[in-house]
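A.B. asks: make a model of this:
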Amino acid sequence: MAVQDIDVSATTAASPHTVHALLVDGATWPTWSPLGSFELERPADDGSEGAGAIRIFRTGRLRNRERIVECVPGRRLSYVLLEGMAVRGYRADIDLTETADGTRIRWHSTFRAKMPGMGGVYRRSLTTFLQRSVDGLAERAAALEGRAAGNG
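C.D. replies: Below is the predicted model:
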């Protein structure tokens, strides 16, 4: 089965630090994304939600269990799906690039569908979900800094 690729982005007037702070605080995700709830199953070795932390997000009946695999303050957060959606090898890299006016947020995900023929269906659905997430993240970060957000 083919690897599915999703690449969405937005820009915000907020700093990369503010955006990253939201990403590493799973409790904020339901406030700026379509996710319903958050639970920290296990923090990273240093007690944070950094690399090694396992987080659970629920939306409706779907429960996704994810492990953070890379956390670079102000630059990147990457996670992999441990269980939940009917996909294999799901990985998301959220990269933050400082711009003259704030931050460009790029959310890139790859995966393979478990069921033949379902890759495109999952990709379309997840693209919409992730675009809503990145747009909400950009808006929330800008609001925290009291600035206007723009999408890119």
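A.B. asks: which residues of the protein score low on pLDDT?
C.D. replies: Across the chain, the stretches falling below the confidence threshold (pLDDT under 70) are 1, 147-152.
A.B. asks: in the longest helix along it, what counts as buried?
C.D. replies: Scanning the chain for the helix with the most residues, using DSSP state H, yields helix 119-145. For helix 119-145, the buried set under the neighbour-count rule, 16 or more other CB atoms under 10 Å, comprises 119, 122-123, 126-127, 129-131, 133-145. Where you see a C-beta, it was placed from the backbone N, CA and C, and this is true even at glycine.
A.B. asks: what segments of this protein are helices?
C.D. replies: In the chain, the segments counted as helices under DSSP H are 16-23, 29-32, 119-145.
A.B. asks: quick one, the first one and helix 119-145 angle?
C.D. replies: Put plainly, it is helix 16-23. 120 degrees (axes from the mean of the first three to the mean of the last three CA atoms, to 10 degrees).
A.B. asks: how close does residue 43 sit to residue 7?
C.D. replies: Distance, residue 43 to residue 7, using CB to CB, to the nearest Å: 30 Å.
A.B. asks: pick out whichever of the two has more residues nearby.
C.D. replies: Neighbours per residue (other CB atoms under 10 Å) separate residue 43 from residue 7, with residue 43 holding more: 15 against 12.
A.B. asks: residues contacting the more buried one?
C.D. replies: Contacts of residue 43 were listed using CB atoms under 8 Å, 6 or more residues apart in numbering, and they are 49, 53.
A.B. asks: phi, psi of it?
C.D. replies: For residue 43, the backbone dihedrals (degrees, to the nearest 10) come out as phi -70, psi 170.
A.B. asks: quick one: it and residue 93, what's the gap?
C.D. replies: Distance from residue 43 to residue 93, counting by CB to CB: 21 Å.
A.B. asks: with residue 30 instead?
C.D. replies: For residue 30, the distance to residue 93 (CB to CB) stands at 22 Å.
A.B. asks: the closest residue to residue 95 other than its chain neighbours: neighbouring residues, count only.
C.D. replies: For residue 95, ignoring the flanking residues on the chain, the nearest one in space by CB to CB, 6 or more residues apart in numbering is residue 106 at 4.7 Å. The criterion is other CB under 10 Å. On that basis, residue 106 has 16 neighbouring residues.
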